[in-house]
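Colleague: sharing a model that was predicted from the sequence below.
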Amino acid sequence: MNLAQLFLVGFDGCSLDDSHWLTAALQQNPPGGVILFDRNVDGTTKNFSSSAELKALTAQLRELAAAPLLIAVDQEGGKVRRLKERDGFPGFPTAEELGKCGPERCATSAAAMAELLAEHGINLNLAPVADLRLNPDSPIIARYGRSFSDDPACAAACCQAFIEAHRRHGVACCLKHFPGHGSAKGDTHLGFVDITEDWQEIELEPYRPLIRSGLADVVMSAHVVHRGLDPEGLPASLSPAVTALLRQRLGFGGLLITDDLQMKAITAQYGYKEAVRRAVLAGADVLIVGNNLSRSPEALAEGVSAVQEVLDQGLITAERIRTSLARITALHDKLKGERTW
């Protein structure tokens, strides 16, 4: 088993040479995917600053990889997007703006977005946001217009239109942030966020019809804490109880991916290897390590080592890992047109 397949990793550089750590990894034990950023948090260029640069990079990644590779970005629209106008890409409205117009307008915008991503070699969009706009003062959801609506039916309809448009262009989507970030008062990028007193059962509602109708290929777990859902107070991304809610109660059988394990909601409480261990034990299939908020060329190797330790200690079975690897393969088969969406 190639345990590196369980990771979606970020890296520095607009191209890879023989000395880059990712070059060897892609050729020998390729990760499940990479996540691309236009800029680092300090404003310096991370992976691309033009259309041509992005196309060249994704082509090189595919050429180097010894296995099918997920190439992901966050391209929601509005302020949360990696392909920006300053680098020559078209702009896209926020989810809030699209939600006010309805699913048809959302489908039109998403089709243009998906076409752009596919043209640039990207096959996984870490969007749409299924969070409900329940807290108008939310510093990370409502503030940036990232939610389609406070109405779960409208949010689900817009998510459906978004996903279907992407699928038509061979791009997978990821519903986020489970079990719901729209009522939260804090930002998990910055630290601990407890939603125990704020979260509402209605936040599960957008997921139900999407899972039931087979539109949820990937779901991202949030780093929020809900002590009612997890009495231990674990972040949802590290919580077996929250995973069980998604898998058993809602019937989700697709790929479960964590939010970035280098966000402060995680790093303020756990060391990196401990976070990896807990995420795998919680049932995550793929772990995001953005290497943007914190940059470490050793993150992939250290993460693989942490998973191997969990296996060696008998805390998880090889069959459980194979199940995750099979879900990754199934997504690739859909992207290649070898399996129906």
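Modeller: On my side now, so go ahead.
Colleague: how about the helices in this structure?
Modeller: Counting by DSSP state H, residue ranges of the helices within the chain are 21-28, 51-64, 95-101, 103-119, 152-168, 207-212, 240-244, 264-267, 272-281, 299-312, 318-335.
Colleague: dump the ones you listed to TSV, plus distance to residue 78, mean pLDDT and mean neighbour count.
Modeller: Quick note: C-beta positions are derived from backbone N, CA and C, even for glycine. Formatted as TSV, the helices of the chain follow (distance: least, Cβ to Cβ, whole Å; pLDDT from 0 to 100; neighbours: other Cβ atoms under 10 Å):
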stretch	distance to residue 78	mean pLDDT	mean neighbour count
helix 21-28	30	97	17
helix 51-64	20	98	17
helix 95-101	7	97	20
helix 103-119	11	98	19
helix 152-168	13	98	22
helix 207-212	21	98	18
helix 240-244	27	98	18
helix 264-267	23	89	21
helix 272-281	28	97	22
helix 299-312	29	97	18
helix 318-335	26	97	16
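Colleague: who wins for proximity to residue 200 among those?
Modeller: Between residue 200 and the helices of the chain, the tightest spacing by Cβ to Cβ is seen for helix 152-168, at 10.2 Å.
Colleague: okay, the helices of the chain in TSV with distance to residue 232 next?
Modeller: Output for the helices of the chain, formatted as TSV (distance: least, Cβ to Cβ, whole Å):
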stretch	distance to residue 232
helix 21-28	34
helix 51-64	38
helix 95-101	32
helix 103-119	38
helix 152-168	28
helix 207-212	23
helix 240-244	8
helix 264-267	15
helix 272-281	10
helix 299-312	18
helix 318-335	20
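Colleague: shouldn't residue 123 be in contact with residue 334?
Modeller: No - counting by Cβ atoms under 8 Å, residue 123 does not reach residue 334; the two are 10.0 Å apart.
Colleague: identify the contacts common to those two.
Modeller: Among the neighbours of residue 123, those also in contact with residue 334 (Cβ atoms under 8 Å, 6 or more residues apart in numbering) are residue 172.
Colleague: report the buried residues of stretch 218-230.
Modeller: Buried residues in stretch 218-230, defined by neighbour count with 16 or more other Cβ atoms under 10 Å: 218, 219, 220, 221, 222, 223, 224, 225, 226, 229, 230.
Colleague: narrow the residues you listed to those in strands?
Modeller: Secondary structure defined by DSSP state E assigns 218, 219, 220, 221 of these to strands.
Colleague: now the last one: how far from residue 181?
Modeller: Just to be clear, that refers to residue 221. In this view, residue 221 and residue 181 are 10 Å apart by Cβ to Cβ, to the nearest Å.
Colleague: what residue lies at the spatial centre of this structure?
Modeller: The centroid of the chain falls nearest to residue 126 when counting by Cα atoms, centre = their mean (4.6 Å).
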